[in-house]
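Undergrad: need coordinates for the below:
(chains A and B)
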2 protein chains.
Amino acid sequence: MKISELGGETALISLIREKYGAAGVGDLALSIGDDGALVKCGESLMIITTDLLVEGTHFRMDINDAYLLGWKSAAVNISDVAAMGGLPTFSFVSIGLPDISVAVVESIYQGMYDASNAFGSVIAGGDTVGSECGIVINVTQLGTVEPDRAARRSGAKPGDVVIVTNTLGDSRAGLEMLLKFGLDEARRVSAFLVERHLKPEPRVWEARSAVETGRVHSMMDLSDGLASDIGKLCEASGVGVRIFADKLPVSEDLHIAAARLDADTTALAAGGGEDYELLITCAAEDAQAIIKVISSTGSSAAVIGEIVDGGDVVLVSSDGNEQPMPVGWKHF
Amino acid sequence: MKISELGGETALISLIREKYGAAGVGDLALSIGDDGALVKCGESLMIITTDLLVEGTHFRMDINDAYLLGWKSAAVNISDVAAMGGLPTFSFVSIGLPDISVAVVESIYQGMYDASNAFGSVIAGGDTVGSECGIVINVTQLGTVEPDRAARRSGAKPGDVVIVTNTLGDSRAGLEMLLKFGLDEARRVSAFLVERHLKPEPRVWEARSAVETGRVHSMMDLSDGLASDIGKLCEASGVGVRIFADKLPVSEDLHIAAARLDADTTALAAGGGEDYELLITCAAEDAQAIIKVISSTGSSAAVIGEIVDGGDVVLVSSDGNEQPMPVGWKHF
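TA: Have a look, this model is predicted:
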């Protein structure tokens, strides 16, 4: 049976986790299945998260540039640390390279360096090898978080409200425009959306300010798209959710792109991936406090739904119609 | 300028380290340039090491099997932890996969699981993604070591003797036979050498027993071959070395393979890579104590040379002739 016949990446990860994973062993506080693992480290918890990017699967050099590729490689891992309420500390970069220009390699590292530096992290090691099949980048990011501030996916409770930061769907729209129009034309239509796809901003300060209220029940970052990711949060927490379509925060440029792409803004916002925004649940009475502290970082935040009993992941349209959430990213 | 024109992997790593690396920042005790990084973690040091394996560059599935590929992916990282005197704790596995058989993926994980388990480590997380260009595996291995036991490359002193564990060149001979004869015939010539290449044994207990004597000045594992690796140790320590060709420990099977491959045993032992044996330096008067404790683990150990002033890396032949050490592995 091939991976695609098993059910793709998600099914394969479940199988691997069940057969070869570990949790609660020794100093391991949390394992496979969250944004990162948590390992006891003195009085703190160390967060460890890793992401593998393969040319052709995750990026194409013809609609990207080396600096932004480096930035994003670091940023998506820093985003996972943020999603657990932590501060990034050190990263380890493995890179597989064809015999390409040294200047391109330097641009990749400069992007990683700048993203790391912007959030207080440093590149502390790695591995550099040859690759005969395109560029391969694996970043392992470490972070640190106080045990009483560590946010997990599993803490959502019925009655919680669901909060997201900023706007959704921008990255997906940026990608679709890059694929359809190429880098230059896509930037002419909306430099904002292209940047949202190629240069995501990890929400480190937003997440820290949220967990420091002590009122966050669960948190994760949106990497595979709201529809897919809220499903994972609900599964981890043993709850369901109702998301209100007309509350999904979307940018003005998303409307412009939707028109150009002949796409639906709600589908882009709910189904699109790589937002790297935060998904937070908390008690309804704490929502305004959390939204307020997030606003103080310069980001916005809004309530988009409510956690309910059961396991259904439902999108409620403006006319009250309810439907299962559309499916998000698929890697296989 | 292309990577190959710059001087390949080694030159590229130097450039990256200089421009984007960090050491001595916050809790970072040791960074790029050793077998792993060291990060303060309560009373202990956490070792972090990472290795990227790319199909076509590091392995070929036609002369390998999935289980052994998994074993080796874990083992080479565990070896880096051992080389710093530590015990492996947790690993994080990123894997890029074409749409291959699930059974192959399970075999890879089973190999990683068994290697981890054999040395007290567990798989604690990772990333699983699609790849359009063959299998890509990145393992980030964590380990732990007491600050006064952590072994570095930089501690060798003139007057030290150089010790290696077990025999050298076996892995290289195994690889050359695999490339020349294929898996089945190579195993008929020497199953031992093929296993030495495909299923390396990290020297965790050997390294622990050595550092527990408190007499190790410097240590590393032999991944790129003695000639290349002793050069790195000398550079890190600011010393030179004289290695005695007739003291290099070689297996009986290496002689058999050398005859079949029309190769020189000394060249295989000194220039071959992927031994994953330990290279240790200590004061001459402590050598027997270290060799004795290593012997108690079931491995052998032998003195092969002496650390000297200056930076020359010299191979002394049995007739007293001195020459620069032959070059080891090259990835690019």
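
Undergrad: all helices of the stretch 201-332 of chain A, in order?
TA: Secondary structure of the stretch 201-332 of chain A (DSSP state H, counting those that start in this stretch): helices at A:204-211, A:226-237, A:252-261, A:265-271, A:287-295.

Undergrad: can you list the ones you listed in a markdown table and add mean pLDDT and distance to residue A:279?
TA: Bear in mind the C-beta positions are built from the backbone N, C-alpha and C, glycine included. Converted to a markdown table, those look like this (pLDDT from 0 to 100; distance: least, C-beta to C-beta, whole Å):
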| stretch | mean pLDDT | distance to residue A:279 |
| --- | --- | --- |
| helix A:204-211 | 98 | 11 |
| helix A:226-237 | 94 | 6 |
| helix A:252-261 | 95 | 18 |
| helix A:265-271 | 92 | 12 |
| helix A:287-295 | 98 | 12 |
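
Undergrad: the ones you listed: which one's closest to chain B?
TA: Of all the helices of the stretch 201-332 of chain A, helix A:226-237 sits nearest to chain B, with 14.2 Å by C-beta to the nearest C-beta.

Undergrad: could I get the CA-only coordinates of that closest one as PDB?
TA: Only the C-alpha atoms of helix A:226-237 are listed here, as PDB (Å, rounded to 0.1, in the frame of the first residue of the first chain):
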ATOM      1  CA  LEU A 226      -8.000  27.200   9.600                       C
ATOM      2  CA  ALA A 227     -10.300  24.300   8.500                       C
ATOM      3  CA  SER A 228      -7.600  21.700   8.900                       C
ATOM      4  CA  ASP A 229      -6.000  23.200  11.900                       C
ATOM      5  CA  ILE A 230      -9.100  23.800  14.000                       C
ATOM      6  CA  GLY A 231      -9.900  20.200  13.300                       C
ATOM      7  CA  LYS A 232      -6.600  19.100  14.900                       C
ATOM      8  CA  LEU A 233      -7.200  21.400  17.900                       C
ATOM      9  CA  CYS A 234     -10.700  20.000  18.400                       C
ATOM     10  CA  GLU A 235      -9.400  16.400  18.100                       C
ATOM     11  CA  ALA A 236      -6.600  17.100  20.600                       C
ATOM     12  CA  SER A 237      -9.100  18.700  23.000                       C
END
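
Undergrad: show me what that helix is packed against.
TA: If you count contacts as 3 or more C-beta pairs under 8 Å, 6 or more residues apart in numbering or on different chains; DSSP states H and E, helix A:226-237 packs onto strand A:218-221, strand A:240-244, helix A:265-271, strand A:278-283, strand A:301-308, strand A:313-316.

Undergrad: give me the contacts around the first one.
TA: I take that to be strand A:218-221. A:34-35, A:79-80, A:82-85, A:151-156, A:160, A:202-203, A:207, A:210-211, A:229, A:232-233, A:236-237, A:276-281 (C-beta atoms under 8 Å, 6 or more residues apart in numbering or on different chains).

Undergrad: next: the second one.
TA: The contact list for strand A:240-244, computed with C-beta under 8 Å, 6+ apart, reads A:156, A:162, A:226, A:230, A:233-234, A:270, A:304-316, A:322, A:325.

Undergrad: please apply the same query to the fourth one.
TA: Contact with strand A:278-283 is made by A:82-83, A:151, A:155-157, A:159-165, A:203, A:206-207, A:210, A:215-222, A:226, A:229-230, A:233, A:237, A:290, A:301, A:307, as judged by C-beta under 8 Å, 6+ apart.

Undergrad: go on, the longest one?
TA: Contacts with strand A:301-308, where a contact means C-beta under 8 Å, 6+ apart, come from A:156-166, A:206, A:230, A:234, A:237, A:239-244, A:247-249, A:278, A:280-281, A:284, A:287, A:290-291, A:294-295, A:316.

Undergrad: now, of these, which are buried?
TA: Among the contacts of strand A:301-308, those classed as buried by 16 or more other C-beta atoms under 10 Å in any protein chain shown are A:156, A:160-166, A:206, A:230, A:234, A:237, A:239-244, A:248-249, A:278, A:280-281, A:287, A:290-291, A:294, A:316.

Undergrad: ok, residue A:66 touching residue A:104?
TA: Yes: under the criterion of C-beta atoms under 8 Å, residue A:66 makes contact with residue A:104 at 4.7 Å.

Undergrad: how far off centre is the helix or strand containing residue A:161?
TA: Element membership for residue A:161 (DSSP states H and E) is strand A:160-165. Here strand A:160-165 is found 15 Å from its chain centre; the criterion is C-alpha atoms, centre = their mean, to the nearest Å.

Undergrad: what do you get for stretch A:281-292?
TA: 21 Å.

Undergrad: how does chain A divide into domains?
TA: A:47-145, A:153-324 (automatic domain parsing).

Undergrad: what's around whatever residue of the stretch 51-200 of chain A ends up closest to chain B, how many residues?
TA: Here the residue of the stretch 51-200 of chain A nearest chain B is residue A:133; by C-beta to the nearest C-beta that distance is 3.2 Å. Using other C-beta atoms under 10 Å in any protein chain shown, residue A:133 is surrounded by 20 other residues.
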